[in-house]
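Student: Sequence and predicted model, in that order:
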Amino acid sequence: MARNNLFVVLIFLGILANGLGPFGVNGLSLTYYLFTCPLVESIVKVNVDKILRIDPGLAGPLVRMHFHDCFVEGCDGSVLIDSTPGNKAEKDAESNLSLRGFEVIDEIKAEVEKRCPGIVSCADILALVAKDVVLFSGGPMFFVPKGRKDGRRSKAADALVKLPPFTSNASQLIDFVGKLGLTAQDLVALSGAHTLGAARCSSFKHRLKNFNATHDIDPSIDPEFLKVLNKTCAAGDTAEQPFDGSIIQFNNEYFQALQKNKGVLFSDQTLATNPKTKELVDTYANNRAVFFLDFQRAMIKMGIMNVKEGSNGEVRKTCRKIN
Ligand code: HEM
């Protein structure tokens, strides 16, 4: 009994530490499915763990999918919709072509539908998956407010303008995310998701040749690391370069790589020099706990951006098409 009480207190403290009141934020709630689908969180977690044990390399793609969902039309599962003859959907936009793991979301949605048909939105499943992936990979635990509805619009043209380009510098990124209500601190913390996964050569080859009017090669790249990037690109545009020492471990090594001028993306490397972001990069590189705390807060903040509620959206039967 005493152990149970301690457990409840710990959960409550965890909720407060995440900056949430017990009833949630933005109309969403931590207990949204308490009476309608009480097991949803465990169904998602069990399946994420199972899938990542088989293919840990899906960790990066699945977290990235949640980000690409939230930045375009809010976190409403719009990235999951398939194109139709009359509509080129978000997932077929250039910036989304390297997204992977859609079948994982289908699989988990199907498991959830077996227990609670028509109750849990694809947008909520995506947010829960991202949370479980982070935890599975060694990152922080956080609580996801739920109650997002799925959107009915998914247009490739939206994704083209609403996802930040990898050629942006830190101040352009700060402006970009600022329009969505995110701060420079959120930006740096969220960029820490690049501790997972890899970038394709096509996302950084612009740094290696014809970089700008004064430099053929991006001068911020460490000379030894330049050789590594060139070697990766020698294998072709789709060859992958991990952001740090491991594509599957969630830690603060990505920030340590930036300090050593070993950032893979131009956009990432500029975070280590811009006066508004440099200090944060150093803090996160030196202190994993601070990074974890800021990351979990920023993920919750990103996860509730422009969410659709009530009749503004729907609960899709399958994540790939509007009901
Ligand atoms: C804000 C500016 C950001 C930019 C410019 C950016 C850009 C990119 C680019 C260019 C790639 C490589 C894509 C490829 O080559 O296929 C990538 C990968 C990735 N991004 Fe970001 N990103 C940003 C923010 C974020 C955020 C906020 C998250 C999640 C919270 C995130 C998570 C990831 C992950 C996990 C990968 C690896 C995916 C994989 O392994 O397939 N990124 N990002």
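Tutor: Yes, it's here.
Student: In the stretch 151-300 of the chain, which residue sits nearest the ligand?
Tutor: Nearest residue of the stretch 151-300 of the chain to the ligand (C-beta to the nearest ligand atom) works out as Gly197 at 2.3 Å. Every residue, glycine included, has its C-beta placed from N, CA and C.
Student: Surely that residue and Gln241 touch.
Tutor: No - Gly197 is beyond contact range of Gln241, at 10.3 Å (criterion: C-beta atoms under 8 Å).
Student: what residues does this protein put near the ligand?
Tutor: 60-61, 63-64, 67, 98, 100, 164, 166, 173, 187, 190-191, 193-194, 196-200, 203, 265, 267 (C-beta under 6 Å from any ligand atom).
Student: from those, which ones fall inside strands?
Tutor: Residues of the residues of the chain next to the ligand located in strands (DSSP state E): Ala198, Ala199, Arg200.
Student: Neighbour-wise, which one of the residues you listed leads?
Tutor: Ala199 (21 neighbours; other C-beta atoms under 10 Å).
Student: Spatially nearest residue to it (excluding sequence neighbours)?
Tutor: Among residues not flanking Ala199 along the chain, Val264 sits closest, at 4.9 Å (C-beta to C-beta, 6 or more residues apart in numbering).
Student: for the one you found, phi and psi?
Tutor: Main-chain dihedrals, Val264, degrees, to the nearest 10: phi -80, psi -40.
Student: Could you report the separation of it from Ala159?
Tutor: 22 Å (C-beta to C-beta, to the nearest Å).
Student: Specify which residue of those two has the higher count of neighbours.
Tutor: Val264 (29 against 24).
Student: wait, what's in contact with the more buried one?
Tutor: Residues near Val264 by C-beta atoms under 8 Å, 6 or more residues apart in numbering: His194, Ala198, Ala199, Ser203, Phe204, Leu229, Gln241, Pro242, Phe243, Ala257.
Student: From the residues you listed, pick the one nearest Ile217.
Tutor: Sorting those by how near they are to Ile217, with C-beta to C-beta, puts Leu229 at the top with 9.7 Å.
Student: how near is that closest one to His66?
Tutor: 27 Å.
Student: Those two: which is more packed in?
Tutor: The neighbour count for Leu229 versus His66, taken as other C-beta under 10 Å, is higher for His66 (26 against 22).
Student: tell me the mean pLDDT for stretch 127-146?
Tutor: Computed over stretch 127-146, the mean pLDDT rounds to 98.
Student: buried sites along that stretch?
Tutor: For stretch 127-146, the neighbour count (16 or more other C-beta atoms under 10 Å) marks 127-137, 139-140, 142-146 as buried.
Student: In helices only, show me those residues.
Tutor: Ala127, Leu128, Val129, Ala130, Lys131, Asp132, Val133, Val134, Leu135, Phe136 (DSSP state H).
Student: Output those as TSV; include the columns distance to Phe35.
Tutor: What follows is these, written out as TSV (distance: C-beta to C-beta, whole Å):
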residue	distance to Phe35
Ala127	20
Leu128	18
Val129	23
Ala130	25
Lys131	21
Asp132	22
Val133	27
Val134	27
Leu135	25
Phe136	28
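Student: now, which of the residues you listed sits nearest the ligand?
Tutor: Of these, the one sitting nearest to the ligand (C-beta to the nearest ligand atom) turns out to be Ala130, at 7.4 Å.
Student: who's in contact with that closest one?
Tutor: Leu62, Val63, Met65, His66, Met299, Gly303.
Student: returning to that earlier point: I'd like to know how far the residue of the stretch 151-300 of the chain closest to the ligand sits from Lys179.
Tutor: In terms of C-beta to C-beta, Gly197 sits 25 Å off from Lys179.
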